[in-house]
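Enquirer: Predicted model follows, preceded by the sequence.
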Amino acid sequence: MSPDTPEMQHAALWLVGPDMPGLLNLGAKFVADRGGNIDKDIADKFGEKAVVFMSVTAKPVDIMRMDRDKEHLKKESRCGVVFQPMSQPTIPDGFQEDLYGFDIVTDDAVGLIAELTSLVTGFGMIVVGHTGERRVVPGPRRHVQAGQKFVVILPHEFDHAAFNHELTQVVKRYNGTMVTPLRIVPGLLWWW
């Protein structure tokens, strides 16, 4: 391997199609049988359809083999399959090297994610990871909560105090809790 070739490469794998037992396992086995490791996976169901996403790390030769063999996975799973090799992540000019993250839980509301992403954009951040989730809180007065986790990179010039103040105001408006305020996320992979 030449010094310019990365020892490991990243890729994204999506399966979209009819739900069936073992669909996540098919994707995991496809990756493992070709020397890959799954960094993150998400499986969800929408009516009769399922969506599986996997973030994959492997040697470049194994990534090429997965890309070449994706038609086999398509036939076996009866799903649409997209396999996308990725370039090594880089830090854009004008941004800090550390990744930062925050985690909140609030009442659910239309426009919540739009308001949060607008806040993040307004402070010049780049989102490198976001997970949002709605859940029903049981009890005599059932209600729906929204959990939001963001991982971002910050511009060199960044006002932590102003951002945390505005984020706290949003959380209060939605009767929420700041699970984790904006802080460095140590050891988190760039391709989170």
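Expert: Looks like it came in fine. Residues are numbered from 1 along each chain as shown.

Enquirer: Any idea how many residues pack against A11?
Expert: The local packing of A11 (other C-beta atoms under 10 Å) involves 22 other residues. Glycine gets a C-beta too; all of them are placed from N, C-alpha and C.

Enquirer: That one and K59 touch, don't they?
Expert: No: the criterion here is C-beta atoms under 8 Å, and A11 misses it with K59 at 11.3 Å.

Enquirer: Just the pLDDT for the residue of the chain most remote from its centre.
Expert: In the chain, P140 marks the outermost C-alpha relative to the chain mean, sitting 33.7 Å out by C-alpha atoms, centre = their mean. On pLDDT, P140 comes in at 87.

Enquirer: for G187, same thing?
Expert: For G187, the model assigns a pLDDT of 61.

Enquirer: Ok, V152 next?
Expert: Reading off the confidence values, V152 has pLDDT 94.

Enquirer: didn't it look like it was pressed against Q96?
Expert: No: V152 lies out of contact with Q96 (C-beta under 8 Å); the separation is 10.0 Å.

Enquirer: Those two: which is more packed in?
Expert: Between V152 and Q96, counting by other C-beta under 10 Å, V152 is the more crowded of the two (23 against 15).

Enquirer: With adjacent residues omitted, what lies nearest to the more buried one?
Expert: For V152, ignoring the flanking residues on the chain, the nearest one in space by C-beta to C-beta, 6 or more residues apart in numbering is M125 at 4.2 Å.

Enquirer: Could you do A32 as well?
Expert: Excluding its sequence neighbours, the residue lying closest to A32 (C-beta to C-beta, 6+ apart) is I38, at 8.0 Å.

Enquirer: Break the protein down into its structural domains.
Expert: 9-86, 95-184 (automatic domain parsing).

Enquirer: before we move on, the earlier item: how confident is the prediction for the residue nearest to A32, by pLDDT?
Expert: At I38, the model reports a pLDDT of 93.

Enquirer: Following element in sequence after the helix or strand hosting it, please.
Expert: Secondary structure assigned from DSSP states H and E places I38 in strand 37-46. Downstream of strand 37-46, the next assigned helix or strand under DSSP H and E is strand 49-58.
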